[in-house]
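**Student:** I'll drop the sequence and a predicted model, then ask my questions.
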Amino acid sequence: MPKKFIQSTILHIGMRVLFLGVLLSTGIYKTLAAPLSLPSTPYRYTVLDQDLSAALREFGNNLNVDVNVSAEVKGRIRGRMPSMPPRAFLDRLSELYDLQWYYDGLVLHVSTAKEAQTRMLVLTSVRFDAFKAALDELGISDERYVVRPAPGKGLVMVSGPPRFIALAEQTYNGLVAEAQARPQATETPPKDTELTLFRGSSTVVVRDGRPEGPYSSEVPHQDSVVREPTQSQK
């Protein structure tokens with residue numbers, strides 16, 4: 001076995017153990033959440049010739065992050081990658097091999113750029129501000145991917161990798177279901193009130209607190225008050 005290859009392998013294993021030791025001692029591995037938070041410690045990855053998917057999965061193993069690699073991700077890494085922070089390493093691979101990655105808080109999803117999707121969502125019972133706020137609060141929003149309202153905010157375009165699109169659509173459907181289940185407030189029409197006042201030979205009709213009249217009458221009446229039924233009571 002060539003001496004250089006043995007030295008390279010030993011160096012790779014040693015740096016991997018050292019890097020994991022840093023993660024364990026700092027507790028960074030416990031605080032991974034969306035958006036993806038990675039340490040700034042340089043990530044050294046030495047490889048002579050390795051499948052790209054395998055390299056991505058090993059990247060996740062080194063950082064204690066579950067990685068889901070799309071079957072469309074193909075290619076091989078040949079030669080040594082420069083030492084860089086883990087986030088820069090991931091972005092570098094994405095740039096070189098035309099990849100997109102998205103972290104949903106549990107799993108790091110890696111797919112090809114050609115797998116990106118676009119959806120047009122009709123905002124009928126949901127306002128755009130409420131939709132965007134829900135994406136932010138749930139940790140789904142990612143500044144790299146599009147969530148853009150059309151003029152009037154009756155339509156919103158969502159574009160990005162498959163996992164991001166799936167979560168955005170689930171959030172939208174949940175908000176719509178919630179709006180439909182919410183009881184609709186019904187307005188009760190005000191009831192008309194009508195009073196008829198008899199004073200001697202004159203009659204005064206008071207409707208909704210406003211007098212209408214007086215009206216004279218040939219038949220004298222004693223002072224009295226008669227409540228006339230409203231139209232809804234007849």
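**Tutor:** Ah, there it is.
**Student:** can you pull out the strands in this protein?
**Tutor:** Secondary structure of the chain (DSSP state E): strands at 49-51, 66-69, 76-78, 99-103, 107-112, 117-122, 146-149, 155-160, 194-207, 210-227.
**Student:** Tell me where this protein has helices.
**Tutor:** In the chain, the segments counted as helices under DSSP state H are 3-26, 52-63, 86-97, 128-137, 162-181.
**Student:** Mean pLDDT lowest where, among those?
**Tutor:** Comparing mean pLDDT across the helices of the chain, the weakest is helix 3-26, with a mean of 38.
**Student:** roughly how far apart are the residue nearest to residue 49 when sequence neighbours are not counted and residue 96?
**Tutor:** Closest residue to residue 49 apart from its sequence neighbours, by CB to CB, 6 or more residues apart in numbering: residue 78 at 5.2 Å. C-beta here means a position set from N, CA and C on the backbone, and glycine is covered the same way. The gap separating residue 78 from residue 96 is 11 Å, by CB to CB, to the nearest Å.
**Student:** Neighbour count for these two, which is higher?
**Tutor:** Higher neighbour count among residue 78 and residue 96: residue 96, with 12 against 9, using other CB atoms under 10 Å.
**Student:** Residue ranges of each domain in the chain, please.
**Tutor:** Per automatic domain parsing, the structural domains of the chain span 3-114, 116-181, 194-218.
**Student:** Count the residues that sit near the residue nearest to residue 135 when sequence neighbours are not counted.
**Tutor:** Nearest residue to residue 135, sequence neighbours excluded (CB to CB, 6+ apart): residue 141, at 4.5 Å. Here the count is done by other CB under 10 Å, and residue 141 has 18 residues near it.
**Student:** repeat for the one 10 residues further on
**Tutor:** Summarising burial for residue 151: neighbours were counted as other CB under 10 Å, giving 6.
**Student:** who's in contact with the residue nearest to residue 63 when sequence neighbours are not counted?
**Tutor:** Leaving aside its chain neighbours, residue 63 sits nearest to residue 86 (6.0 Å; criterion: CB to CB, 6+ apart). Residue 86 sits next to 38-39, 41, 43, 59, 63 when contact means CB atoms under 8 Å, 6 or more residues apart in numbering.
**Student:** that older thread, you'd agree the residue nearest to residue 49 is up against residue 51?
**Tutor:** No: the criterion here is CB atoms under 8 Å, and residue 78 misses it with residue 51 at 10.8 Å.
**Student:** ok, now how distant is the residue nearest to residue 135 from residue 67?
**Tutor:** Distance of residue 141 to residue 67, given as CB to CB: 21 Å.
**Student:** before we move on, what about residue 93?
**Tutor:** Distance from residue 93 to residue 67, by CB to CB: 12 Å.
**Student:** which residues do these two both contact?
**Tutor:** Between them, residue 93 and residue 67 share the contacting residues residue 56, judged by CB under 8 Å, 6+ apart.
**Student:** ok so, going back, closest to residue 180 among the contacts of residue 86?
**Tutor:** The closest of the contacts of residue 86 to residue 180 turns out to be residue 38 (CB to CB; 40.3 Å).
**Student:** Residue 89 is in contact with the closest one, correct?
**Tutor:** No: using CB under 8 Å, residue 38 is not in contact with residue 89, being 9.0 Å away.
**Student:** can you tell me which residues contact residue 121?
**Tutor:** By CB under 8 Å, 6+ apart, residue 121 lies in contact with 131, 155-158, 169, 172.
**Student:** if you set the cut-off to 10 Å instead, what comes out?
**Tutor:** Applying CB atoms under 10 Å, 6 or more residues apart in numbering, we find residue 121 in contact with 128, 131, 147, 149, 155-158, 168-169, 171-173, 176.
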